[in-house]
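Participant: from the sequence below, what's the structure:
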Amino acid sequence: MNKIKALNKNKERRAKRTRAKLFGTNERPRLSIYRSNRYIVAQAIDDENGKTVFAGSTREIKEKGTKTEKSVSLGNLMAEKAKKAGIEKMVFDRGSYRYHGRVKAVAESLRNSGIKI
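Facilitator: Sure, this is the predicted structure:
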């Protein structure tokens with residue numbers, strides 16, 4: 001049990017270290033990523049007002065494919081939602097996750113869709 005608590009503390013510390021450098025505004029919201037074993041969830045957060053501007057998940061995507069392919073589709077979906085909301089720039093918050101694999105796939109597909117990160 002102590003090992004699990006230590007791992008969770010380390011994860012929280014990594015997330016705090018990452019988020020300490022980031023701040024989202026209404027014009028440039030923070031795109032926060034949460035990754036589970038099965039899904040990946042992204043939400044654009046306005047830290048000034050403490051509100052979620054819009055959110056998306058791989059649960060919304062009906063296409064078949066690997067988790068990484070669904071992450072690319074999530075990035076495209078988030079780019080569409082950002083353009084609808086009139087947002088061209090975002091701050092990418094990877095949380096406690098490395099910029100690798102599914103997290104990287106979301107960021108790269110957002111950049112390819114025209115959103116500046």
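Participant: centroid-nearest residue for the protein?
Facilitator: Residue closest to the mean C-alpha point of the chain, counted by C-alpha atoms, centre = their mean, is I33 at 2.7 Å.
Participant: now the element after the host helix or strand of it, going C-ward?
Facilitator: Under the criterion of DSSP states H and E, I33 resides in strand 30-35. Per DSSP H and E, strand 30-35 leads on to strand 40-46 as the next helix or strand towards the C-terminus.
Participant: now the angle between strand 30-35 and that next one, please.
Facilitator: Orientation note: strand 40-46 sits at an angle of 160 degrees relative to strand 30-35 (axes from the mean of the first three to the mean of the last three C-alpha atoms, to 10 degrees).
Participant: note down every partner strand of strand 40-46 and its orientation.
Facilitator: Partner strands and pairing direction for strand 40-46 (DSSP bridges) are strand 30-35 (antiparallel), strand 51-57 (antiparallel).
Participant: so where do the helices sit in this protein?
Facilitator: Taking DSSP state H as the criterion, the chain carries its helices at 2-19, 67-84, 102-112.
Participant: quick one: the shortest one to chain centroid distance?
Facilitator: The gap between where helix 102-112 is centred and where its chain is centred comes out at 9 Å by C-alpha atoms, centre = their mean, to the nearest Å.
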